[in-house]
Every structure is written in C-alpha cells, then in structure tokens.
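Participant: sequence-free structure coming up:
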C-alpha cells in the first residue's frame, strides 16, 4: 500500500524513514542536502512524502516535488529508497502517473543512482535523458 504522509503526521514516520533518506542522499545526487533539510521541506509542504508500507511496517519512501518551467509543471522524484521495489514498483508508477495528470504536469522526472536507473530502464515508460557527472572537491576516486 502507498500512502501520503502529511506534515502534521511526519514525526510519526520519521524514525522509520530517516535511515532511508540518509542512504538515498548518500548514494544519489543528494550530497548537497541533509536529512534535516528534507524534513523541513516536508514539514513546510514544499515537498510531498509517500510511504510504501505493509500496515505499520514502512518498506520504502518517495519524496516528490513539483517545479514550474516555461513548458509547464514537472513532477520530480527527489528521493526514492527502501526495499522490495519489484513488489510495489508497478503501483508507484501508476500513482505517479495519476498524480502527474492531476497536477497537469508534462512529465515525471527522476535523478537516480545507477541501480535505480537500471531498474527504470527495464520498464517500458521510462527513458534516459541525461547522465550527471561530477568531480568532487576532494577528488575522491569511487
């Protein structure tokens, strides 16, 4: 099941999703953010939180944002982390498309780590449109 978490109840799920957010920020493009910043954006309704769960057990989470561009609105998957994507990926994709249509957005976009990109490329509706490269200031070799 996938449910939206509103700001008033964020504190109830935060202990379960914070480790997922930390992992997503570390492995994706989130090195410019912090869990505290994500919490604040969710609390102030700047982003949307969906949790994938079995009753009270949260298996995964998605943080979404909506941005306005000259072409129109874009639905952004800011963070996606957790376990069991093969079990809930179809449902999440359907809900994302429904949300996109409800918003009147022209696309859904996700900046992904390699593993998630590999998963999405196997799905018929997703396509790769860019690759993000970086040279960190400390020049670490990964």
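Facilitator: Now that the structure is in, tell me what you want to look at. Predicted model, so just to flag it, every value in this text is computed and none were measured.

Participant: how close does residue 68 get to residue 41?
Facilitator: Counting by Cβ to Cβ, to the nearest Å, the separation of residue 68 from residue 41 is 16 Å. In short, each C-beta sits where N, CA and C put it, glycine included.

Participant: Which stretches in this protein count as strands?
Facilitator: In the chain, the segments counted as strands under DSSP state E are 2-5, 48-54, 57-69, 72-82, 107-110.

Participant: which residues are contacting the lowest-mean-pLDDT helix or strand in the chain?
Facilitator: Ranking every helix and strand in the chain by mean pLDDT, DSSP states H and E puts helix 114-121 at the bottom, with a mean of 91. Helix 114-121 is contacted by residues 28, 80, 85, 89, 110, 112, 126, 127, 128 when judged by Cβ atoms under 8 Å, 6 or more residues apart in numbering.

Participant: can we see that at 6 Å?
Facilitator: Helix 114-121 has contacts (Cβ atoms under 6 Å, 6 or more residues apart in numbering) with residue 126.

Participant: Which positions in it come out as buried?
Facilitator: For helix 114-121, the neighbour count (16 or more other Cβ atoms under 10 Å) marks 116, 120 as buried.

Participant: Report the angle between that helix and strand 72-82.
Facilitator: Angle of helix 114-121 versus strand 72-82, following axes from the mean of the first three to the mean of the last three Cα atoms, to 10 degrees, is 120 degrees.

Participant: returning to what we had before: quick one, which of the strands of the chain gets closest to residue 94.
Facilitator: Residue 94 lies closest to strand 2-5 among the strands of the chain, at 9.4 Å (Cβ to Cβ).

Participant: Report the distance from that closest one to the chain centre.
Facilitator: For strand 2-5, the distance from its own C-alpha centre to the chain's C-alpha centre is 13 Å (Cα atoms, centre = their mean, to the nearest Å).

Participant: Who are the packing partners of that strand?
Facilitator: Judged by 3 or more Cβ pairs under 6 Å, 6 or more residues apart in numbering; DSSP states H and E, strand 2-5 is in contact with strand 48-54.

Participant: Partner strands of the strand it packs on and their direction?
Facilitator: Strand 48-54 has these partner strands in its sheet, going by DSSP bridges: strand 2-5 (antiparallel), strand 57-69 (antiparallel).
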